[in-house]
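Participant: I'll drop the sequence and a predicted model, then ask my questions.
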Amino acid sequence: MTRVKRSAINKVWKSRRFAATAAAFTVLGAGAAVGVERNGRTDDPAHDTARHPCAEATEQCDGTLDVPLNWAEPEGRTIEAGFAWVPRAGRSSPATGTVLVHPGGFGAYTGGTEVFRELLGPALDHLNLLVVDMRGTGTSSPLRCPGLDVRDPATIASCAEQLGPDRDFYATDQAVADIDAIRDALGVERLSFYGSSYGTVYAQAYATRFPDRTAAVLLDSPDLMRPEGYGRALAVDSFGRGLADLDMVCERSVAYRELPGSADDRLASLVELLRERPDERVPLEALAQVVQKKGGDAVIGREINAAVAAYLDGDPAPLHRLALPVLDIVQQPGVPINEDDTAALPYSCGDFTYPFDREAPAAERQRQLDENYANERPVAPFTVEEVFGFTGGSYPQWCVPWPAGRESPPIPPGAAYPDVPALVIGGELDGGMGADEAELVADRFPNGQALTVPFGGHVDALDGADPHGACLREVVRSFLATPEQPVGEPGCDAENYRALGTFPRVLAQVPPPVGPSDGLDPADGRLLAAAFGTVDDALSRTLPEAGLVGQEAEQPGLRDGRITLDRESGTVVLDGASWVEDVAVTGEAHVSEGDTAGADVRVEADGDVADVRFDWTTRTAEDAVRVTGTLDGTPFAVTVPAP
């Protein structure tokens, strides 16, 4: 299965529009009566003249609908709400329902229906698909503040002034009312809402505000909304909670458990050391990003704790290599929110609460925020400046100069979650929007179920690599097709590595094979283990979730030499690559279907040269690996422990 890429979702395609009049919208308002459902829509003769033209489409229809700027004044000024309507593929039988997809963020997604069709696959034989650009984005009266750069607070204040009082109505409580109006204009009785990341805020808002129009809810990487109906502080809260799972990536590794102390203590010691003796190859901003990305990058998860321990023990090479891919990010950062992302400001500043008084002047807000950071240390052992300074701050900082607006909680305070089928997916390594949050959100639905993804990251049902990403996509399809049926335990496990405990520096520190070594001279066992460690280290860069670390085709060996990756074919070429200082490996390794791996390499150590063939099963979470092959033509079979 082809991986669904967010870059494809963000692609904006040209679309044709059908606009309904404001008068027609008033007739079709969110509370309009509905008739008997036929073909996934409601048929009510009284509304036929007001129905949107897309309601009769038999293939994709892109349209807009005029909606009130302020839903409390339905007769007032209007804006456009854009959508894409994709009727079911199977025309021989009625639709069984309609699913609205929102993948999160503030992008324009109506141009990405092909991505969602691929995601939902055969479920769309019988389901209609609806995609809506939230107001202020894409085809929905997009907002744009020329010159906006959130690294400059003055441009934020200027943007708020440019938008004027209208800015208060670009918020989730208004946007989900737009969705319901589109639902009604298309003649759809109820929606199944599939939201991921920020899309889970929209989904929860819709389900609590329009419970009778909600058929089912599927949330991937949910935001746990506060009791007063707002979301928690974006970015800072999430990063701080993500630090708490640093131990988890390694707790099942024997080699890791033999390290003294805890992962948190070691990280705190390293941060203090780098403050005292800065290292230009691991600035604290880069270290913070490496730690944060452990959930979405299997190589970082595999190596981070061992690399921290090695640095504290006087061996900086493993951490230097891990930090290399993020150096450009922190040293030459892009603009996190600019004029093309203007809508992010009114939504994020209106939908969430931050550690300052919304009604206070900007200077007082800043004082309260600084005081909170100093006293609460939400991203300890780092400071907020070390984590977010290179981007000019984060959402709490960017919302300081944004004027307080109307009270607009996405969830009505005290609202009950509807008694509809609800599935909430959370990854173990998705800091702040993961497994714990999934359990809590699922508990709010009387008919809710949480699905935990071992070692899962953020929105893996949408972005996760195979095989666990494919497993989750099948779960999504099955649930949306038949939400009343329990999901059970589908076994979508993302754990495909065993974390390292240490990085040996020289051959003498490499753990030798354990147990019988069939056909191998015991004196050669440690050398073979070092050669295998070198090959395994290089091949780890092709893990399905290698992410940031696996992006560059040319990469340095740990101690010396080079490795060249071809992730599509699962092949790695080693050129004098050294995992330990006194052993160099040259040759090729590859991963085949079924995660069987092989390598043909030449090993050099202390002036001696050996030709080695390795065969083993890779991408497994085991503390030791059974390896077979030949050493200078002599067959062997050994069990190599993870370092």
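Facilitator: On my side now, so go ahead.

Participant: Could you use CA atoms for every contact and neighbour count after this?
Facilitator: OK.

Participant: hey, where'd the helices end up in the stretch 401-550 of the chain?
Facilitator: For the stretch 401-550 of the chain, the helices identified by DSSP state H, counting those that start in this stretch occupy 435-444, 460-463, 468-481, 522-539, in order along the chain.

Participant: pretty sure residue 588 contacts residue 597?
Facilitator: No - Residue 588 sits out of contact with residue 597 when judged by C-alpha atoms under 8 Å, with a separation of 10.9 Å.

Participant: Tell me how far residue 525 lies from residue 297.
Facilitator: 31 Å (C-alpha to C-alpha, to the nearest Å).

Participant: ditto for residue 539
Facilitator: Separation of residue 539 from residue 297 (C-alpha to C-alpha): 14 Å.

Participant: Ok, residue 224 next?
Facilitator: Here the distance between residue 224 and residue 297 works out to 24 Å (C-alpha to C-alpha).

Participant: returning to that earlier point: quick one, which of residue 539 and residue 297 is more surrounded?
Facilitator: Between residue 539 and residue 297, counting by other C-alpha atoms under 10 Å, residue 539 is the more crowded of the two (27 against 21).

Participant: what sits against that one?
Facilitator: The contact partners of residue 539, taken as C-alpha atoms under 8 Å, 6 or more residues apart in numbering, are 571, 572, 589, 590.

Participant: same deal with residue 572?
Facilitator: Residue 572 makes contacts with 538, 539, 563, 564, 565, 566, 588, 589, 590, as judged by C-alpha under 8 Å, 6+ apart.

Participant: Over to residue 365?
Facilitator: Residue 365 makes contact with 356, 357, 358, 400, according to C-alpha under 8 Å, 6+ apart.

Participant: do the same with residue 384
Facilitator: By C-alpha under 8 Å, 6+ apart, residue 384 lies in contact with 236, 373, 377, 378, 393.

Participant: Closest to residue 277 out of the residues you listed?
Facilitator: Distance to residue 277, by C-alpha to C-alpha, is smallest for residue 377 among those, at 22.0 Å.

Participant: got any ranges where this protein has weak pLDDT?
Facilitator: Low-confidence segments of the chain (pLDDT under 70): 1-49, 518.

Participant: nearest spatial neighbour of the most centrally placed residue in it, skipping sequence neighbours?
Facilitator: Nearest residue to the geometric centre of the chain (C-alpha atoms, centre = their mean): residue 458, 2.8 Å. Closest residue to residue 458 in three dimensions, ignoring its sequence neighbours and counting by C-alpha to C-alpha, 6 or more residues apart in numbering: residue 430, at 5.2 Å.

Participant: how about that neighbour, phi and psi?
Facilitator: Backbone torsions for residue 430, taken as degrees, to the nearest 10, come to phi -100, psi 80.

Participant: Could you do residue 613 as well?
Facilitator: Torsion angles at residue 613 (phi, psi; degrees, to the nearest 10) stand at phi -110, psi 130.

Participant: Identify the bridge partners of residue 599.
Facilitator: In this entry, residue 599 is beta-bridged to residue 589, residue 614, by DSSP bridges.

Participant: which residues touch it?
Facilitator: The contact partners of residue 599, taken as C-alpha under 8 Å, 6+ apart, are 535, 587, 588, 589, 590, 612, 613, 614, 615.

Participant: try residue 132
Facilitator: Residue 132 makes contact with 81, 82, 83, 84, 100, 101, 102, 109, 110, 179 under the criterion C-alpha under 8 Å, 6+ apart.

Participant: which strands and helices sit next to the host helix or strand of the last one?
Facilitator: Put plainly, it is residue 179. In this structure, residue 179 sits in helix 172-185 according to DSSP states H and E. In terms of contacts (3 or more C-alpha pairs under 8 Å, 6 or more residues apart in numbering; DSSP states H and E), helix 172-185 is packed against strand 61-68, helix 199-209.

Participant: List the neighbouring strands of the next helix or strand after that helix plus their orientation.
Facilitator: Secondary structure here is assigned by DSSP H and E; on that basis, the next helix or strand after helix 172-185 toward the C-terminus is strand 191-196. The strands beside strand 191-196 in its sheet (DSSP bridges) come out as strand 97-102 (parallel), strand 214-220 (parallel).

Participant: I'd like to know how many residues surround residue 251.
Facilitator: For residue 251, the number of neighbouring residues by other C-alpha under 10 Å comes to 15.

Participant: residue contacts, it?
Facilitator: Taking C-alpha under 8 Å, 6+ apart as the definition of contact, the neighbours of residue 251 are residue 257.

Participant: domains of the chain?
Facilitator: By the assignment in automatic domain parsing, the chain contains the domains 6-137+168-232+410-481, 507-641.

Participant: Reformat the contacts of residue 572 as a markdown table; add distance to residue 71.
Facilitator: Rendered in a markdown table, the data for these read as follows (distance: C-alpha to C-alpha, whole Å):
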| residue | distance to residue 71 |
| --- | --- |
| 538 | 57 |
| 539 | 56 |
| 563 | 59 |
| 564 | 57 |
| 565 | 54 |
| 566 | 53 |
| 588 | 63 |
| 589 | 61 |
| 590 | 59 |
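
Participant: what's the most distant pair in these?
Facilitator: Greatest spatial distance in the contacts of residue 572: 563 and 590, 12.5 Å, computed using C-alpha to C-alpha.

Participant: wait, doesn't residue 422 sit right on residue 448?
Facilitator: Yes - Residue 422 is in contact with residue 448 according to C-alpha under 8 Å; the separation is 4.5 Å.

Participant: More neighbours: the two, which one.
Facilitator: For residue 422 against residue 448, the residue with the higher neighbour count under other C-alpha under 10 Å is residue 422, and the figures read 30 against 24.

Participant: show me what contacts the more buried one?
Facilitator: 216, 217, 218, 219, 442, 445, 447, 448, 449, 483.
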